[in-house]
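# Sequence below, structure please.
(2 chains)
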Amino acid sequence: MIPRIYIPADSGALALGAEKVARAIEKELKERGVEAKIVRNGSRGAYFLEPMVEVATAEGRVAYGPVKPSDVKSLFDSGFLKGGHHKRWLGAPDKIPFFAKQTRLTFARCGVIDPLSLDSYKSHGGLNGLQNAVAMAPTDIVKQVTESGLRGRGGAGFPTGIKWKTVLDTAGAQKYIVCNADEGDSATFADRMIMEGDPFVLIEGMAIAGIATGATKGFVYIRSEYPHAVATMNKAVAIARKAGVLGVNVLGSPNAFDMEIRVGAGAYVCGEETSLLNSLEGKRGVVRAKPPLPAIQGLFGKPTVINNVISLASVPVIMDKGAAYYKDFGMGRSRGTIPIQIAGNVKHGGLFETAFGLTLGEIVDEIGGGTASGRPVKAVQVGGPLGAYFPRALFDTPFDYEEFAKRDGLIGHAGITVFDDSADMLKQARFAMEFCAIESCGKCTPCRIGSTRGVEVLDKVAAGIEAEKNLALVTDLCNTMKFGSLCALGGFTPYPVMSSITHFPEDFKPAPARVAAE
Amino acid sequence: MSMQAASTEIASRTAAIIDEMKGLEGPLLPILHSIQEEFGHVPKDALPVIADGLNLSRAEVHGVVSFYHDFRAKPAGRHVLKLCQAEACQSMGSEAVAAKVKQLLGIDFHETTRDGSVTLEPVYCLGLCACSPSAMLDGEVIGRLDDEKIEEIVAEVRS
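Residues are numbered from 1 along each chain as shown, chains lettered A, B, ... in the order given. Okay, the predicted model is just below:
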């Protein structure tokens, strides 16, 4: 048997030097006259171990990491093709604590298989869900997704099945499935990882959505900051089309479904669903007022399912193993698993898929291992630029949509950014306003004007000008933005701002007092 | 090439791109991406051609081009360096990274060095949030920037 070596081509791994490692391994193989097959897989998501190289041995996979090009010679000397010991030796990937503690449903194949091998996808359970779906009535598919309890993983947490039912029940000569892959939130990379590491699962999920709702055309709107994901998705769609997974007869059934990959153009606001639809139509990415809901009048005015990548990529496992299987994971009204992305100043950063219910403290301290800098954790921002900053005092909050809402936060797309005690929360609050000002689509006044005024007022606070009065003004402004904005950009910017003010008041004291305190 | 000839050249190459793509549903963004790939920016002279080809007003086309951060009104430097300035990278010192790069290159964000070698831009998230601070150089991703990597990048874009 020719040995197989797995070297991730995931962007995160590439950013840490995976390409150089791959070239060094190729060179070494050639020089030693050893035959081996190199597979460029996705990442399993432990970025503190990337580039993580794996070798398939008779006893299963053996991982090494983080591998540097300078390690390659000694890896060969240690017999790594047979799983030999080396200072980078990690053992069986499933036994590495970071992976062993996870429940991988959506990311079951990510980092394991060759992302562009449909055979490999099938041999790891791929297409079972679609196979089941083509034999079912649309209402039954929608029922199964509804019963699974799956909620929109993009951030809003709206039940996916209910959205699908609205589209199914709305008459229309043409309906669309739109996948929101405009993953602009800092600390989130789950969409990118799945598109680069297991693109067929997204294609399968979209095809199921199409069959369930009577939509024959799909679009994946990917942000331009993700060139590797765009390239992989384009290749995967072509392969799926050739294999009959997409086309006029999906898997040989009478159902037609095909899709296109579209690329955004650097506007954060296009992650908002109605602005994304405008962008797809070739317009400015401004937000639309709702109603009408996209499910009734969406893309080109037609009934449209618009779902996040992870929502759609979670559908195949639900259709394969059943609603009850998925629903068994989780707590309260948050069912199934969620890929938590642990990022920023953290020792063990990466993607951790698990059932809902872990506390924030367990995620940050136990799984994340505390800060990378070794200093105490001061704050964690949950849910991206529009999510609240949580202090250590709230680390007992369980990871659950409702529990986070109760504490004036949101889980959003489940990204967590860790900050150590060098963070200045006034600066973070100001950045939230500044970011909103840069990215506002300009349609509604609270967001467009409010964010700019917010920056100015916070600058006054920083300069020690009538701090108390100006903080009251920011609070009032946040209230206006929260309730007066059309979409989540203006509406949620108050979360990072107000949580900073509420939980870290010491950072908002007038400048002279802050200096004296230090 | 005279100005006149240059603008005719832009018009004909733009028309070819439009012809190829106008069958798409919602073709404007894919067309603009192709034009930027072709010319390195979206030339002003291309706008009336697009408006004509897609039956839009020039104002509508201008509105779309100016809305999106990606579309450039003039060509970038030979290299484009994007430094992530979003929260996860902030937590790992992206501000200091930016300050150092700006100082080494002698330019601010949204500027190009006088020799045309590099354009520096901020970017808000590259999805490399567990490898912060991160950057993108001509489409290639770079994580965990430190002084050594920054100097390497600067040397590369300068050469």
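
# tell me the contacts of the most centrally placed residue in chain B?
For chain B, the residue whose C-alpha lies nearest the mean C-alpha position (C-alpha atoms, centre = their mean) is residue B:70; its distance is 5.2 Å. If a contact means C-beta atoms under 8 Å, 6 or more residues apart in numbering or on different chains, then residue B:70 has A:224, A:264, A:265, A:266, B:33, B:36 as its contacts. (Glycine included, C-beta is placed from N, CA and C.)

# Which one of these is nearest to residue A:163?
For residue A:163, the closest of those turns out to be residue A:264, at 21.9 Å, with distances computed as C-beta to C-beta.

# Ranking by neighbours, what's the top pick from the contacts of residue B:70?
The most neighbours of any of those, using other C-beta atoms under 10 Å in any protein chain shown, belong to residue A:264, which has 27 neighbours.

# Report pLDDT for that one.
At residue A:264, the model reports a pLDDT of 98.

# Regarding chain B, what is its longest helix?
Counting residues, the longest helix found in chain B (DSSP state H) is helix B:3-21.

# domains of chain A?
Dividing chain A into domains by automatic domain parsing, as the record does, gives the ranges A:4-100, A:133-327, A:330-420, A:425-517.

# next one: the second one to chain centre, how far?
I take that to be domain A:133-327. Mean-position distance between domain A:133-327 and its chain equals 14 Å (C-alpha atoms, centre = their mean, to the nearest Å).

# Now the terminal residues of that domain, how far apart.
The straight-line separation of the ends of domain A:133-327 (C-alpha to C-alpha, to the nearest Å) is 18 Å.

# quick check, that domain touching chain B?
Yes: applying C-beta under 8 Å from any C-beta of the partner chain, one finds domain A:133-327 in contact with chain B at A:183-189, A:191-192, A:217, A:224-228, A:260, A:262-268, A:279-286, A:300.

# Mind listing what's buried along the longest strand seen in chain A?
Using DSSP state E to assign secondary structure, the strand with the most residues in chain A is strand A:337-344. In terms of neighbour count (16 or more other C-beta atoms under 10 Å in any protein chain shown), strand A:337-344 has its buried residues at A:337, A:338, A:339, A:340, A:341, A:342, A:343, A:344.

# With just CA atoms, put it into PDB.
Once side chains and other backbone atoms are set aside, the C-alpha atoms of strand A:337-344 remain, and they are given as PDB (Å, rounded to 0.1, in the frame of the first residue of the first chain):
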ATOM      1  CA  THR A 337     -24.500  21.100  17.900                       C
ATOM      2  CA  ILE A 338     -22.800  24.400  17.400                       C
ATOM      3  CA  PRO A 339     -19.400  24.900  15.900                       C
ATOM      4  CA  ILE A 340     -17.800  27.300  18.500                       C
ATOM      5  CA  GLN A 341     -14.900  29.300  17.100                       C
ATOM      6  CA  ILE A 342     -12.400  30.200  19.800                       C
ATOM      7  CA  ALA A 343     -10.200  33.100  18.600                       C
ATOM      8  CA  GLY A 344      -8.100  36.100  19.400                       C
END
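
# Neighbouring strands - and their directions - for that strand?
strand A:350-355 (antiparallel), strand A:415-420 (parallel) (DSSP bridges).

# What number of residues are in the vicinity of the closest residue to residue A:434 other than its chain neighbours?
In space, and not counting its chain neighbours, residue A:434 is closest to residue A:455: 5.2 Å by C-beta to C-beta, 6 or more residues apart in numbering or on different chains. Counted by other C-beta under 10 Å, the residues lying close to residue A:455 total 18.

# Okay, the closest residue to residue A:295 other than its chain neighbours and residue A:146: tell me how far apart.
Spatially, and ignoring its direct neighbours in sequence, residue A:295 is nearest to residue A:166 (3.9 Å; C-beta to C-beta, 6+ apart). Separation of residue A:166 from residue A:146 (C-beta to C-beta, to the nearest Å) stands at 11 Å.

# try residue A:98
The span separating residue A:98 from residue A:146 equals 33 Å under the rule C-beta to C-beta.

# and if you look at residue A:219?
24 Å.

# More neighbours: the two, which one.
The neighbour comparison of residue A:219 against residue A:146 (other C-beta under 10 Å) goes to residue A:219, with 24 against 17.

# before we move on, what SS does that one have?
Secondary structure assignment for residue A:219 (DSSP: H, G, I helix; E, B strand; the rest coil): strand.

# Contacts only, for it.
A:176, A:177, A:178, A:179, A:259, A:260, A:261, A:262, A:280, A:299.

# hmm, try it at 7 Å
With contacts defined as C-beta atoms under 7 Å, 6 or more residues apart in numbering or on different chains, the neighbours of residue A:219 are A:176, A:178, A:179, A:259, A:260, A:262, A:280.

# repeat for residue A:9
In this structure, residue A:9 makes contact with A:18, A:40, judged by C-beta under 7 Å, 6+ apart.

# how close does it sit to residue A:509?
Applying C-beta to C-beta, one obtains 49 Å for the distance of residue A:9 from residue A:509.

# Repeat that for residue A:310.
Spatial separation of residue A:310 from residue A:509 under the definition C-beta to C-beta is 40 Å.

# Among these two, which residue is more densely surrounded?
residue A:310 (29 against 18).

# could you say which helix or strand contains that one?
Assigned by DSSP states H and E, residue A:310 belongs to helix A:309-321.

# if we can go back for a sec, from the contacts of residue A:219, which land in strands?
Among the contacts of residue A:219, DSSP E puts A:176, A:178, A:179, A:259, A:260, A:262 in strands.

# Let me know the closest of those to chain B.
Using C-beta to the nearest C-beta, residue A:262 is the member of the ones in strands among the contacts of residue A:219 that sits closest to chain B, with 6.8 Å.

# Identify the residues contacting the closest one.
So, once contact is read as C-beta under 7 Å, 6+ apart, residue A:262 ends up touching A:219, A:220, A:221, A:280, B:29, B:30.

# Tell me what it is bridged to.
In this structure, residue A:262 has beta-bridge partners residue A:221, where bridges are defined by DSSP bridges.

# that older thread, go through the longest helix of chain B and flag the buried ones.
Within helix B:3-21, the residues that qualify as buried by neighbour count (16+ other C-beta under 10 Å) are B:7, B:10, B:11, B:13, B:14, B:17, B:18, B:21.
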